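Student: the following comprises the amino acid sequence and a computationally predicted model.
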Amino acid sequence: MKNSKGSGLITTIIIIVIILIVVAIGLFIYKYVILDNQQVNNNNEINNEEVNNTETTQTPNIQNNTEVIEPIINPNEELNNNNEQQLISKNYYYNQLNSYGKIIYDKLKQNKDKFITGNYVFDFENQFNELLHKENGETELGQAFQSAWNALSYDEADLFYVDISKMTLITQSRGIGGINTYNVSIGPGENTNYLRDEFQTQEQIQTAQAYIKNIIDQIIQQTTQDSDIEKARKVQNWLISTIDYDNSDEAKNKHDIYGALHDRKAVCEGYARSFKYIMEKIGVPCILVSGTGTNSEGMTESHAWNYIQINYNWYAVDVTWNDPVIIGTGSLTDEMKYKYFLNGSDEFFKNHKEDGIISENSMKFTFPTLSTTNYQWR
């Protein structure tokens, strides 16, 4: 019996040991095999999720969706704060106006297509009410109007059919309870319209616009692959070969682009406005400049020319003086044709003088600082 009890105890111990071994093996398998596999699977799911998030939030390729345009600017000046990148010359004179001038300019430009009617009234309501309550408010508003028009006509060279002398700044006051409120508008006033005598119908204006557009479209096609220098050279030479200088009374449109591009007769302003208009249409910044010029005979008179921007620097171009009147049987030489082409201030200001007063009752405008030396393009 003694021996039987001892044998049973040994058997029990062996069973317990086997159970403990099985449990230990089970714990080992659970910890190091099953859990590790779960962790690996979980990590794979997280990694996949991160990849998917990266793909869904990835920045689109801008070049595939939006044309990247490098603005042409003067490093010392800023473009208007708007979404449209444009040539700095496009609003060159606008940027110099005071707040009142800019309000007027903006209204005129935003409704530019209405000029063709000849009698559209640009209504500012009571926007200048506070100004007109000041002692010199009416005078200041008059100067703002004249300055705004000068800036617009220099920035926008295609308003050739508008006669500014027929446009009237109208101020109306209304008193309520002893307090006056001023409403301001710009329109033809007592005039039939504010169109030039040569363009009294919309059909005439639209025909002239279509003619000019056709010329511009052809120039754009023929200069698309050219450098800015080559564009300027081609446009100048085309104007020189096309326009005859004519300061006679018969040349009715001699001061504007229609006279230069259609009638083929112009004075310096017509040359300069045409050069500015075309250069901007083909992507080269160009402004119209006024002042005086002293010719080879020592005579000084009012004059107009252009500044264009090449590689962030400004240079002068005087298309009119590059198209001198040839007396006798002589011909226009390259030396004559390019004498005032891409000049710097050292050369150009020997016989040209800037004048920022475009007209009476206007602010004084400023011009870009020219490079001191000529552009060496040849």
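Tutor: Arrived safely, thanks for sending. Numbering: from 1, shown residues only.
Student: tell me the pLDDT of residue 61.
Tutor: Looking at residue 61, its pLDDT reads 26.
Student: can you map out the strands along the chain?
Tutor: In the chain, the segments counted as strands under DSSP state E are 122-125, 168-176, 179-187, 244-245, 265-266, 286-294, 300-310, 313-317, 341-343, 352-354.
Student: run through who's touching the fifth one.
Tutor: By that I understand strand 265-266. 243-246, 251, 253-256, 259-260, 274 (CB atoms under 8 Å, 6 or more residues apart in numbering). Backbone N, C-alpha and C define where each C-beta goes, glycine included.
Student: most surrounded residue in those?
Tutor: Ranked by neighbour count (other CB atoms under 10 Å), the contacts of strand 265-266 have residue 260 at the top, with 30 neighbours.
Student: okay, the contacts of strand 265-266 in TSV with pLDDT and distance to residue 173 next?
Tutor: Formatted as TSV, the contacts of strand 265-266 follow (pLDDT from 0 to 100; distance: CB to CB, whole Å):
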residue	pLDDT	distance to residue 173
243	96	49
244	96	51
245	96	49
246	96	47
251	95	44
253	97	39
254	97	41
255	98	37
256	98	37
259	97	41
260	97	44
274	98	43
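Student: keep only those of these that are in helices.
Tutor: Using DSSP state H, residue 274 are the members of the contacts of strand 265-266 that sit in helices.
Student: mind putting the contacts of strand 265-266 into a markdown table with distance to residue 230?
Tutor: Below are those laid out as a markdown table (distance: CB to CB, whole Å):
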| residue | distance to residue 230 |
| --- | --- |
| 243 | 20 |
| 244 | 25 |
| 245 | 25 |
| 246 | 29 |
| 251 | 31 |
| 253 | 29 |
| 254 | 29 |
| 255 | 28 |
| 256 | 26 |
| 259 | 27 |
| 260 | 21 |
| 274 | 18 |
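Student: among the contacts of strand 265-266, which one lies nearest to residue 237?
Tutor: Distance to residue 237, by CB to CB, is smallest for residue 243 among the contacts of strand 265-266, at 11.4 Å.
Student: mind listing what that closest one touches?
Tutor: Residue 243 neighbours (CB under 8 Å, 6+ apart): 260, 264-266, 270-271, 274, 323.
Student: rerun at 7 Å
Tutor: Shown in contact with residue 243 (CB atoms under 7 Å, 6 or more residues apart in numbering): 260, 264-266, 271.
Student: can you pull out the low-pLDDT segments for the chain?
Tutor: For the chain, residues meeting the criterion pLDDT under 70 lie at 1-17, 19-86.
Student: ok, 80 please
Tutor: Scanning the chain for pLDDT under 80 picks out 1-86, 176-178, 326-330.
Student: how is it partitioned into domains?
Tutor: In terms of domains, the chain is parsed into 88-187, 202-354 (source: automatic domain parsing).
Student: what separates the first one from the chain centre, distance-wise?
Tutor: What it means is domain 88-187. 21 Å (CA atoms, centre = their mean, to the nearest Å).
Student: end-to-end on it?
Tutor: In domain 88-187, first residue to last residue: 30 Å (CA to CA, to the nearest Å).
Student: residue 330 and residue 324, how far apart?
Tutor: Using CB to CB, to the nearest Å, residue 330 is found at 10 Å from residue 324.
Student: more neighbours, these two?
Tutor: Shown here are residue 330 and residue 324; by other CB under 10 Å, residue 324 has more neighbours (16 against 9).
Student: go ahead and confirm that one touches residue 336.
Tutor: Yes: Residue 324 lies in contact with residue 336 (CB atoms under 7 Å); the separation is 5.8 Å.
Student: give me the neighbour count for the spatially closest residue to residue 96 that is not a sequence neighbour.
Tutor: Nearest in space to residue 96, with sequence neighbours left out and distances taken as CB to CB, 6 or more residues apart in numbering, is residue 365 at 5.5 Å. Using other CB under 10 Å, residue 365 has 21 other residues around it.
Student: thinking residue 365 is in contact with residue 97, fair?
Tutor: No: in this structure residue 365 lies outside contact range of residue 97 using CB under 7 Å: 9.2 Å.
Student: hang on, the earlier thing: as a markdown table, the domains of the chain with distance to residue 373 would be great.
Tutor: Shown next, in a markdown table, are those (distance: least, CB to CB, whole Å):
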| stretch | distance to residue 373 |
| --- | --- |
| domain 88-187 | 21 |
| domain 202-354 | 4 |
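Student: ranges for the helices of the stretch 101-250 of the chain?
Tutor: 129-132, 137-155, 202-223, 228-242 (DSSP state H, counting those that start in this stretch).
Student: how about residue 246: what's its closest non-neighbour residue?
Tutor: Computed as CB to CB, 6+ apart, the closest residue to residue 246 that is not its neighbour in sequence is residue 265, at 3.9 Å.
Student: from residue 124, how far out is the one you found?
Tutor: According to CB to CB, residue 265 and residue 124 sit 38 Å apart.
Student: same question, residue 228
Tutor: In terms of CB to CB, residue 228 sits 39 Å off from residue 124.
Student: repeat for residue 99
Tutor: In this view, residue 99 and residue 124 are 13 Å apart by CB to CB.
Student: the more surrounded of those two?
Tutor: Higher neighbour count among residue 99 and residue 124: residue 124, with 20 against 8, using other CB under 10 Å.
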